[in-house]
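# build me a model from this:
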Amino acid sequence: MNQEDKKHTILQSEIIQRKDIFSFNLYEAIRPNAVSYMKGQVYDKKTGKLLKAEYELINLSTGKIIMKSMTDETGNFLVCPSFRL
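Residues are numbered from 1 along each chain as shown. Modelled structure (predicted):
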């Protein structure tokens, strides 16, 4: 998201079976933070079978572990890291 995008938000609604788009400036204090999502799967390299597993998100610059979590029963994960980009 570039700086210009952060200054505006867009609302969309259905009015009389057509879509209207509204745009307006947001005060900096109420602008939302940028959000990133990560989605993936853990699987056995030889069999291709999905695995339940613990995984870590690591900052490659510092080597610091940012977060740890578990996949679901079928090896899938979806996370929204709680750190600023």
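# surely Val79 meets Tyr37?
Yes. Val79 is in contact with Tyr37 according to Cβ atoms under 8 Å; the separation is 7.1 Å. Quick note: C-beta positions are derived from backbone N, CA and C, even for glycine.
# more neighbours, these two?
Neighbours were tallied for Val79 and for Tyr37 using other Cβ atoms under 10 Å; the higher tally belongs to Val79 (14 against 8).
# which residue is the nearest non-sequential neighbour of that one?
Nearest-residue entry for Val79: Met38, 5.2 Å, with adjacent residues in sequence omitted and distances by Cβ to Cβ, 6 or more residues apart in numbering.
# burial of the one you found, as a residue count?
By the other Cβ under 10 Å criterion, the neighbourhood of Met38 contains 12 residues.
# roughly how far apart are it and Glu28?
If you measure Met38 against Glu28 using Cβ to Cβ, to the nearest Å, the figure is 27 Å.
# what distance do you get for Arg31 to Tyr37?
Taking Cβ to Cβ as the measure, Arg31 and Tyr37 are separated by 19 Å.
# what is the neighbour count of Val35?
Residues lying near Val35 (other Cβ under 10 Å) number 10.
# is it true that it touches Pro81?
No. Contact between Val35 and Pro81 fails when scored by Cβ under 8 Å: they sit 9.1 Å apart.
# show me where pLDDT drops low in the chain?
Within the chain, the stretches falling below the threshold (pLDDT under 70) are 1-22, 82-85.
# recalculate using a threshold of 50.
Residues of the chain that meet the criterion pLDDT under 50 lie in 1-2, 6, 12-13, 85.
# for it, what spans make up the strands?
Listed in chain order, the strands of the chain (DSSP state E) span 8-15, 18-25, 38-41, 54-58, 65-70, 76-79.
# list the helices and strands the fourth one packs on?
Here strand 54-58 touches strand 65-70, going by 3 or more Cβ pairs under 8 Å, 6 or more residues apart in numbering; DSSP states H and E.
# what's in contact with the strand it packs on?
Taking contacts as Cβ atoms under 8 Å, 6 or more residues apart in numbering, the residues outside strand 65-70 that touch it are 52-59, 77, 79, 81-83.
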